[in-house]
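1. Okay, predicted coordinates and the sequence, questions at the end:
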Amino acid sequence: MDRPAEIADGAPVGRDGQATPVARRTSSAFGSPASDSTVRRHDLNEAFIRHPDATFIMKAAGGDMGEAGIGDGDHLLVDRALSARHGSVVIAVVGGELRCRRLEQSVGARGRRGPVRLVADAGVPPIEITEDAPLEVWGVVTTVIKSLA
């Protein structure tokens, strides 16, 4: 049992015969290129886009949404057919500019909707939605695409 292929799934590991608990082995590889069993073509449109006629790609600028996993230069898939709700990451029109923020809406007594805010990372002031500055959601962010190269 020297080769990894012969190690049983979930086999104990450790030194000097002392087993260390292991949940399950996982792989970060894709298998042998000669084997077709793990590699197949995927249509990214089918995998990530629910509403093709209402989905757009936008490029993020700035780092205000880093805690949500969105960094400067990331590509965002934005679905205009989805309804934004509390907790959604949205593209909103604020002062004539498009802003990426998380929609936060409190619920008051008897289920009545409370104040609405657009929030980013800690340290970035929230945008309060008022009658003077109404909320205009352009779309809901569904996917973040990061470039590693």
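-> Cool, the structure landed.
2. Which neighbouring elements make contact with the helix or strand bottoming out on mean pLDDT in the chain?
-> Sorting the helices and strands of the chain by mean pLDDT, DSSP states H and E puts strand 113-119 at the bottom, at a mean of 87. Packing contacts for strand 113-119, counted by 3 or more C-beta pairs under 8 Å, 6 or more residues apart in numbering; DSSP states H and E, involve strand 89-94, strand 97-107, strand 127-129. No exception for glycine: its C-beta is placed from N, CA and C like everyone else's.
3. Give me the sheet partners of the first one and which way each runs.
-> Just to be clear, that refers to strand 89-94. Sheet pairing of strand 89-94 (DSSP bridges) gives strand 97-107 (antiparallel), strand 137-145 (antiparallel).
4. Mind putting these into JSON lines with distance to A47, mean neighbour count and mean pLDDT?
-> Listed next are these as JSON lines, based on distance: least, C-beta to C-beta, whole Å; neighbours: other C-beta atoms under 10 Å; pLDDT from 0 to 100:
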{"stretch": "strand 97-107", "distance to A47": "22", "mean neighbour count": "16", "mean pLDDT": "91"}
{"stretch": "strand 137-145", "distance to A47": "9", "mean neighbour count": "18", "mean pLDDT": "96"}
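5. G71: which of these is closest?
-> strand 137-145 (8.4 Å; C-beta to C-beta).
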